[in-house]
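1. Generate a structure from the sequence data that follows.
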Amino acid sequence: MSATTTRPTTGTHVTRGGSSLTGTGRLLRFMLRRDRIRFPAWALGMTAMMAYFGNLLPEVWTQRTLEDFMAGMGNSPLMSLLGGPGYGFEEITLPRFMVDLYGLYLILAAALMGILTISRHTRVEEQTGRAELVRANVVGRHAPLTAALIMAVGLSLVTGLLMGLALSYSAMEPQPMSSAFLFAAAVAASGIAFSGVAAVTTQLSAYSRAASGMAGAVLGVAYVLRGLGDMSRAQDGPATWLSWLSPIGWSQQVGAFVLDRWWPLLISLAFAAVLAAVAFWLESRRDLGAGLVAARAGSPRAAGWLSSPPAVALRLQRGSLIGWTIVMAVTGATYGAFGQIMVEGFTDAPEIMLEMMGGEENILNGYLGLMGLMYAIVIAVFAILSIQALRGEEYALHTEPVLATAVGRPTWLLSWTTVTTLGAVWLLFVAGLGDAAGASIATGNGDLFGPTLLGHVIHTPAVWAVTGVALALYGLAPRLLGLAWLVFGYGAFMSFFGGPLDMPDAAMDLSVFQHTGQHPLEDISWSAVVVLTAIAVALTAVGTAGFRRRDLVTA
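-> Alright, predicted model coming up:
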């Protein structure tokens, strides 16, 4: 009797009869089949947004009003923070205005598109066990990641092409047409770059939520670096180079309709290619379903404080809360410290700009109030992601064992919701604390501390209302949970762009972020606080009732 042994292989796995890329084409077709709704929704949704800007702006702005508006904004740190480097403001045109003010948000949307697409078709597949079934066939080790990258890059390119066509043939009539496609290519490049980021983060963690969270953290850092660099440029400061450390900044540095530089896009593509290579290398060194950052072995006995459903919900969301807390503290202190620079940047602003910021004596209060609104919008993202994580727990079959104990459905749902809502309060408090401390130290005015902190926390009911929408959708029809992003997107859009676009008051009032007031510049509307809180409670009740009655995803 003889026995043979096989030596374990390391590195690239080669499937019998094929290579590590065997089955890529078939997997790509399968992914396209799965995303037959998501793919056109992303592409057509972003194209519609581009068409909206391209056709609405000529109706709202004349060349005269545009020049008056930009007379003081062109060199202001606020414009740089909200938009970008501001190329061409000296001879402003509508296409330049659109690229410099609205382009940033299209770039951010493309980045999210890339992150979510890669996570959905790689780590989520492994976490749910579907990847194991697929790999049981003649499928190479790197085929799923390769197909996902092709999918994400293709989605970015198709979206960029459609956006370029929408802008070129809009009422804005941008000239030259090549600049319109350059801007669309810059948006697409952001999606490709962050697809590479997500390809790496999905190798690090065994959980899709953590992998997407890490990629989102990279996006947040990129946004902060871009903002600080562009604000420094507006003041002829020494930190302009920070923008060149950001993939978002690379897309903006093309300077469409002004500089028309194609070569910054090569940086984005090279960045994505390097990260893709790193992702393949990392994938060769981990087991299917595992992450390179190994989960710590838990104690054989659960801690006493984990005996209640709220404690379990807190434990499951602890990592996310810690990460968000760090980001809020750092960015809050950073942007607060720029308060004095904002005041100096508006010294020679025209009257129309001073009125927007509350008058010459209230510029700092106007800036701090705007920061409170901005952080409320950002933290609403945390709230929606938290409810999506609850849905993920159910689809991963983790909810069923919890409910098999003496824990009822309403108790579990409300426990998770309590952690989310209190987490929103905490994050707004941390962001406000950073802004208040940074502004007080930078200006030497300690009286700013209390009003600034209150101006951030008072937006809590607006975040709760968004949370309530997500919770109601989850309780009634989990597949429709994505609609919560429409409520969020509408509110964010109206808050930032409703005023400049001269939107009707009725349309502005539909935004949940518009009602409490931008304190300390504006007085707090306590009636709005009460109404928004009541709406959040009512939506939570609807979601709880729906969750009690619908079928649960089970094994």
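2. From now on I want contacts and neighbour counts done on CA atoms only, so please keep to that.
-> Fine.
3. Give me the local confidence score for the residue nearest the centre of the chain.
-> Central residue of the chain (CA atoms, centre = their mean): L112, 5.9 Å from the mean position. If you check L112, the pLDDT there is 89.
4. Okay, buried residues for the host helix or strand of it please.
-> For L112, the host element (DSSP states H and E) is helix 103-121. Buried residues in helix 103-121, counted by 16 or more other CA atoms under 10 Å: 103-104, 106-121.
5. following that helix, which helix or strand comes up?
-> Heading C-terminal from helix 103-121, the first helix or strand you meet, by DSSP H and E, is helix 123-128.
6. what's in contact with that next one?
-> Applying CA atoms under 8 Å, 6 or more residues apart in numbering, the external contacts of helix 123-128 come out as 131-132, 202-203, 206-208, 211, 288-289, 396.
7. Adding neighbour count, pLDDT and secondary structure as columns, could you present these in TSV?
-> Shown next, in TSV, are these (neighbours: other CA atoms under 10 Å; pLDDT from 0 to 100; DSSP: H, G, I helix; E, B strand; the rest coil):
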residue	neighbour count	pLDDT	secondary structure
A131	18	83	helix
E132	14	84	helix
T202	32	92	helix
Q203	29	93	helix
A206	22	82	coil
Y207	21	78	coil
S208	24	79	helix
A211	25	84	helix
L288	18	83	coil
G289	19	79	coil
A396	17	75	coil
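8. Out of those residues, which is nearest to D435?
-> The nearest member of the contacts of helix 123-128 to D435, counting by CA to CA, is A211 at 28.5 Å.
9. The closest one is in contact with S119, isn't it?
-> Yes - the criterion here is CA atoms under 8 Å, and A211 meets it with S119 at 7.4 Å.
10. On the three-state scheme, V407 is what?
-> Three-state call for V407 (DSSP: H, G, I helix; E, B strand; the rest coil): coil.
11. which residues sit in contact with it?
-> By CA under 8 Å, 6+ apart, the contact set of V407 is P309.
12. Repeat the analysis, applying 10 Å as the threshold.
-> V407 makes contacts with 308-309, 401, as judged by CA atoms under 10 Å, 6 or more residues apart in numbering.
13. Which secondary structure element is home to the closest residue to V330 other than its chain neighbours?
-> Leaving aside its sequence neighbours, V330 sits nearest to G434 (CA to CA, 6 or more residues apart in numbering; 7.1 Å). Here G434, judged by DSSP H and E, is contained in helix 409-443.
14. For that helix, which helices and strands make contact with it?
-> With contacts defined as 3 or more CA pairs under 10 Å, 6 or more residues apart in numbering; DSSP states H and E, the packing partners of helix 409-443 are helix 309-337, helix 339-345, helix 363-395, helix 399-403, helix 449-457, helix 460-476, helix 526-549.
15. Do me a favour and average the pLDDT over the first one.
-> Averaging the model's pLDDT scores along helix 309-337 yields 84.
16. Show me how far stretch 409-417 is from its chain's centre.
-> Its chain's C-alpha centre and that of stretch 409-417 lie 26 Å apart, by CA atoms, centre = their mean, to the nearest Å.
17. Ok, stretch 265-274 next?
-> Centre-to-centre, stretch 265-274 and its host chain are 21 Å apart (CA atoms, centre = their mean).
18. Whichever helix or strand V197 is part of vs helix 103-121, what angle?
-> If you go by DSSP H and E, V197 is part of helix 177-204. Helix 177-204 runs at 40 degrees relative to helix 103-121, counting by axes from the mean of the first three to the mean of the last three CA atoms, to 10 degrees.
19. Pull out the buried residues from helix 177-204.
-> By 16+ other CA under 10 Å, the buried positions in helix 177-204 come out as 179-204.
20. Kindly reformat the contacts of helix 123-128 as TSV containing distance to V218.
-> Below are the contacts of helix 123-128 laid out as TSV (distance: CA to CA, whole Å):
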residue	distance to V218
A131	26
E132	29
T202	13
Q203	15
A206	18
Y207	17
S208	15
A211	11
L288	25
G289	23
A396	26
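21. wait, which of the residues you listed is closest to R96?
-> Nearest to R96 out of the contacts of helix 123-128 is A211 (CA to CA; 35.9 Å).
22. Identify the residues contacting that closest one.
-> A211 makes contact with 115, 119, 123-124, 197-205, 217, 291, according to CA under 10 Å, 6+ apart.
23. which one of those residues is nearest G366?
-> Distances from G366 to these, taken by CA to CA, are shortest for A217, at 27.6 Å.
24. related to what we said a few turns ago, count of neighbours near the residue nearest to V330?
-> G434: 25 surrounding residues under other CA atoms under 10 Å.
25. going on from the helix or strand encompassing G220, what's the next piece of helix or strand?
-> G220 belongs to helix 208-234 when elements are defined using DSSP H and E. Sequence order places helix 247-252 as the next helix or strand after helix 208-234, per DSSP H and E.
26. where does the protein have low pLDDT?
-> Scanning the chain for pLDDT under 70 picks out 1-18, 69-78, 294-306, 339-361, 500-501, 554-555.
27. Domain parsing of the chain, as residue ranges.
-> By the record's domain assignment, the chain is partitioned as 18-293, 307-555 (automatic domain parsing).
28. That'll do, ta.
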